[in-house]
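>>> generate coordinates for the sequence data below:
(chains A, B and C)
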Amino acid sequence: MAEQRIPPSGSEAIGRIPPSGSEAVGRIPVAKTYKLFIGGTFPRSESGRSYAATRRNGDFLANAAQASRKDVRDAVVAARKAQPGWAAATAYNRGQVLYRVAEMMELRRPQFVGEVAAADGLDIETAVHVVDETVDRWVWYAGWADKIAQVAGSSNPVAGPYFNFTVPEPTGVVAVIAPQDSSLLGLVSVIAPAIVSGNAVVVVAAQERPLAAITLAEALATSDVPGGVVNILTGVTAELAPVLAAHMDVNAIDLAGAPGEMVPALERSAADNVKRVVRPDGTDWAASPTPDRMLALVEAKTVWHPVGI
Amino acid sequence: MNEWTYEPAPESRDIVTLRSSYGLFVNGEFVDGTGGAFKTVNPATEEVLAEVTQAGTEDVERAVVAARHAFDEVWGPMPGKERAKYLYRIARLIQERSRELAVLETMDNGKPIRESRDVDVPLVAAHFFHYAGWADKLEWAGYGPAPRPLGVAGQIIPWNFPLLMAAWKLAPALAAGNTCVLKPAETTPLSALLLADILQQADLPPGVVNIVTGAGETGRALVAHPGVDKLAFTGSTEVGKEIMRAVAGRRVKLTLELGGKAANVIFDDAPIDQAVEGVVNGIFFNQGHVCCAGSRLLVQESVADAVTERLKRRLQSLRLGDPLDKNTDIGAINSAEQLAKITELAKSGAGEGAAQWQPECALPERGYWFPPTVFTGVSQSHRIAREEIFGPVLSVLTFRTPDEAVEKANNTPYGLSAGVWTDKGSRILWMAQRLRAGVVWANTFNRFDPASPFGGYKESGFGREGGRHGLEPYLAAAGAAEVTGG
Amino acid sequence: MTTVAVTPADLDAAAASDVSLRRFLHGLPGVDQVGAEARAGMLATRSIKRGAKLWALDMALRMTDLTTLEGADTPGKVRALCSKAMRPDAVDPEVPSVAAVCVYPDLVPTAVESLAGSGVRVASVATSFPSGRASRAVRLADVAEAVSAGAHEVDMVIDRGAFLAGRYAQVLSDVVAVKEQCGNAHLKVILETGELRTLDNVRRAAWLSMVGGADFIKTSTGKVAPASTPAVVLVMLEAVRDYAEATDSLVGVKAAGGIRTAKDAIRYLVLVNETAGQRWLTPDLFRFGASSLVNDLLMQRTKQRTGSYSGPDYFTVD
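Model prediction:
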């Protein structure tokens, strides 16, 4: 069944098949416009800019919106607005929402396979595997939602008549510079661990491979992820990342996809409001994930209360 | 006599033997340094206590090299159960020499002997005791099956709890198998140097702990040193940011415990007498030189006058004076510089229209002193409601509903601690969930324990000290994402 | 925050019924046990030296209700206790007398006779002490006997059963009735805090007693453990302080039971000093109910004056 849904070539899913001679009289496919994903809606960049996304070989795939500083600003506002409600949802609920994302992706496998193959330069078989891994990653993180607190929390035996416990809480708004080399699996590998605990994210998609990120946004928009919990910007990393790193209403930044030469400056900017920084560390996105990324984006809160009558 | 006045009850300082000058503690020995010397004074008397060596860049280099050598050759390879025994031994020696440590701490810092004796030093011993037990159980701490130490830890600590902060830094680092280069604050180096003496008594292998005294330059040299694998800093947010910038792009794991502007929230159904005690303890403990001090009192408007009256009455019984007197509640401000800062901020409070109140309270003629101070009629926009004063100055604000209390409490770039006082259990948990702070004290304040994680949200820093969580900053889990915080 | 806004008129209104009393007493601010104990524990670290200690030792002596409340009490025992009360230290006439001698009603005449002209007062427990489990008529007769025999002070017990069952009006009217029966004698109301268990109850019972007209509120009979504890006395001191603020009437506090050492006594004086305030540091407003305490106060007093530690053989046992 699954195999049947997979298109014969990546290009078809992208929907930009140049009419060839024999097909000239055939149906002209309807091409998709790729926009930004902010606050649950799909605006164009306020700057009116776009840029060409291509295959690895340089062939044109589609135009992606080229987000601006102001789009970053809007995305952070949307994330900040959505975050408390998302964090206040029960862990069970967040788990179901993440699982729902997996369901929505599963339905769109052909489209993702096409985009991943095109963007990452993979053969179809590999692309299928990557998409499957991506769907499974959502499932893996979905299960974490109601387990983080038990793994990262504790009750602490203090030397006095107090009940003392520690619970992990989301850090808040997390900026994510998505991996540049893995347009979908890498992307989901940095979004899911951030939002599962109740953070909201503003993601800068892989600069040269942005299309899968927007298709993911379409899956997110049709699952039950509240608007603003995930915001995805496509554009020039060197333009957007510094704005996020310096933004005073962003609590943490995951530099997974930040080019090495940009990292020191981004970290320096992050210091302006003591952001938590997840450094690029050459993670193999295809490998089984560990809880570390998730745990790096939570705060431990410790509560004391006297025990008396 | 008709009035009962407590006579002076000074703790004897004879138990402390001060040297006229102190070297650096490097590779298990006290050594001379290259950076000259500075004087450390008793802030209660302005008496010079000793000359202390200013560690220069070369001295920091020597210390890091010694720490690296000890890590590679001795401490790193040593089985955890043997490291544990050293830490237990240190804990015991601290207990044995607790009086001496407390008196010295009070002399160098200005804090009341009651606090150094009953709070600081017992917690120091407890901290070593707690982490001693972790040294041979790291694989069960939840940081992967084979957690590794990071290597050499550079640790920079503040002057408000000099010995306690040294313990908070050293104990988990050593338990995890790291070696340390510790830089005490320049106004309070002596207790760390006495601790060095204890480490010698414990026969801790040379180089496992090195202590470099000095001011900001020494700290900067330590931060800049490429041989340091981990940096831990407790101090001001301003310096914390400087350190973050300095290590940007470097493979140094960083944890920061920075400033705070905690709200202490009192509801109309609070256990009022204990709440007033909690407010007093929250802001006047250690002269308010506490990063998690409850410096903003948020009180429900319907009881604001009642609480303020009780608070003022209570403050009149606070005893300010000789820190070595066993009955002193409020000691000296740690330095002339800090006193100037507190004075300036208090002036701004009055200037911005808040009403200043101080109990009748004679200040000693010599030394650095500031009376307990309460500002009422404070609004969120006043500097005294926003900036960390780090002194015995309380700002009183009011709120009407729980939502407003949360909104005001969280309306700060800081997020270290918060307090909430109410008899209603569900409201405590509701508040605790919403307060953006690393420590929430409900119906209590300023409690500390080695098993209890401590650390901040937002600009109060990242990383936790205490308990299982306190190991994470000193361990590299196999395959872990490298993060500066978390 | 009833205690702060409370007025005498509020107290009158509160006294009207169980419902109004409940509303009032449960409207008092709660007491956090751990916080109260921590505060009392901190005050226990006060270091009282030299002159301040001598003052405290003498004051503690002057505040002591020297007590014997045994089934085996006899006139002889009471007479001996009275001698001790008047002149605690056989060899040092400078030592002040204690505040009172506290006995059962049937021994009041003996005490009155022995103490005549000394200034030491006679206190009598009454109201079917220690349980109070008798009809009001019997309890009032008990009081009447003590008062008519010349007791200057009457120590009654509240009906803890009624209190714990929420029958506050009954407890209140008991206190009012006993107060009336006392005439000019001072009324100390024993809360028996060891049976009330919680500090919230201690605060409520303290207010209930004060509204009923207590001149003193007293912790314990000495027959129930725990008797007086620093945290309980702290809460009672807060109550008399707040009551004074509301009504301008000063009510005393008596810590009774389990106080055996000078060190303990001085700690209570520190509690008084730093909670209710200096104003309460008088035998008119603070008492110790104790027996063995006196000799330890004397031993410490001697130590302070001579510099050498004394021993029990040098102080009379009565």
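
>>> flag the shaky bits of chain B, pLDDT-wise.
Across chain B, the ranges flagged by pLDDT under 70 are B:1-2, B:478-486.

>>> how about a cut-off of 90?
Scanning chain B for pLDDT under 90 picks out B:1-3, B:144-145, B:361, B:477-486.

>>> ramachandran angles for B:L231?
Per-residue torsions, B:L231: phi -120, psi 130 (degrees, to the nearest 10).

>>> that one contacts B:V252, correct?
Yes. Because the distance of 5.5 Å satisfies C-beta atoms under 8 Å, B:L231 is recorded as touching B:V252. Backbone N, C-alpha and C define where each C-beta goes, glycine included.

>>> of the two, which one has the most company?
B:L231 (27 against 20; other C-beta atoms under 10 Å in any protein chain shown).

>>> list the residues that contact the more buried one.
By C-beta atoms under 8 Å, 6 or more residues apart in numbering or on different chains, the contact set of B:L231 is B:153-156, B:222-223, B:243, B:247, B:252-255.

>>> can you tell me the SS state at A:K32?
Following DSSP: H, G, I helix; E, B strand; the rest coil, we place A:K32 in the coil state.

>>> pretty sure it sits against A:A62.
Yes. Assessed by C-beta under 8 Å, A:K32 is found in contact with A:A62 at 6.9 Å.

>>> which one of the two is surrounded by more residues?
Counting neighbours by other C-beta under 10 Å for A:K32 and for A:A62 shows that A:A62 has the greater number, 20 against 16.

>>> okay, and the beta partners of the more buried one?
Beta-bridge pairing for A:A62 (DSSP bridges): A:A53.

>>> and it, what pLDDT?
A:A62 is assigned a predicted lDDT (pLDDT) of 96.

>>> then the one 3 residues further on?
Among the per-residue scores, A:A65 holds a pLDDT of 98.

>>> distance-wise, check it relative to chain C.
According to C-beta to the nearest C-beta, to the nearest Å, A:A65 stands 57 Å off from chain C.

>>> excluding its backbone neighbours, what's nearest that residue?
A:S45 (4.4 Å; C-beta to C-beta, 6 or more residues apart in numbering or on different chains).

>>> which residue lies nearest the spatial centre of the chain?
No chain was given, so I picked chain A. In chain A, the residue lying closest to the centroid (C-alpha atoms, centre = their mean) is A:I191, at 3.3 Å.

>>> hm, I was asking about chain C
C:K254 (1.9 Å).

>>> neighbouring contacts of the host helix or strand of that residue?
Taking DSSP states H and E as the criterion, C:K254 maps to strand C:252-256. Applying C-beta under 8 Å, 6+ apart, the contact partners of strand C:252-256 are C:65, C:67, C:155, C:188, C:190, C:215-222, C:227-228, C:233, C:236-237, C:240, C:268, C:272, C:276, C:280, C:284-290.

>>> now, which of those lie within helices?
C:233, C:236-237, C:240, C:268, C:272 (DSSP state H).

>>> now the two most distant members of those.
With distances taken as C-beta to C-beta, the most widely separated pair in the ones in helices among the contacts of strand C:252-256 is C:V240 and C:Y268, at 13.8 Å.

>>> ranges for the helices of chain A?
A:2-5, A:10-14, A:69-88, A:91-107, A:109-120, A:124-144, A:148-152, A:185-195, A:211-222, A:237-246, A:263-270, A:292-296.

>>> up against chain C, what does chain B have?
Those residues of chain B that sit near chain C, judged by C-beta under 8 Å from any C-beta of the partner chain, are B:1, B:3-9, B:114, B:118, B:268-274, B:277-278, B:302-303, B:305-307, B:309-310, B:317, B:326-327, B:423, B:443-444.

>>> among those, which lie within helices?
Applying DSSP H to the residues of chain B next to chain C, the entries found in helices are B:114, B:272-274, B:277-278, B:305-307, B:309-310.

>>> show the buried residues in these.
Taking 16 or more other C-beta atoms under 10 Å in any protein chain shown as the criterion, what is buried in these is B:114, B:272-274, B:277-278, B:306-307, B:310.

>>> closest one to A:W304 out of the residues you listed, please.
The closest of these, once distances to A:W304 are taken by C-beta to C-beta, is B:G278, at 11.2 Å.

>>> skipping its backbone neighbours, what lies nearest the closest one in space?
Residue nearest to B:G278 in three dimensions, not counting chain neighbours: B:F445, with 4.2 Å by C-beta to C-beta, 6+ apart.

>>> C:S20 now?
C:A14 is the one closest to C:S20 (C-beta to C-beta, 6+ apart), at 5.2 Å.

>>> count the residues that sit near that neighbour.
Neighbour tally, C:A14, other C-beta under 10 Å: 23.

>>> surely it touches C:G212?
No. The pair C:A14 / C:G212 is not scored as a contact, 11.3 Å apart, by C-beta under 8 Å.

>>> how about the residues of the stretch 1-150 of chain C near chain A?
C:32-35, C:37.

>>> look up how far C:V317 lies from C:A90.
Noted for C:A90: a distance of 11 Å to C:V317, by C-beta to C-beta, to the nearest Å.

>>> where do the strands sit along chain C?
Remark: strands assigned in chain C by DSSP state E are C:64-67, C:100-103, C:121-125, C:153-157, C:186-190, C:216-218, C:252-256, C:286-290.
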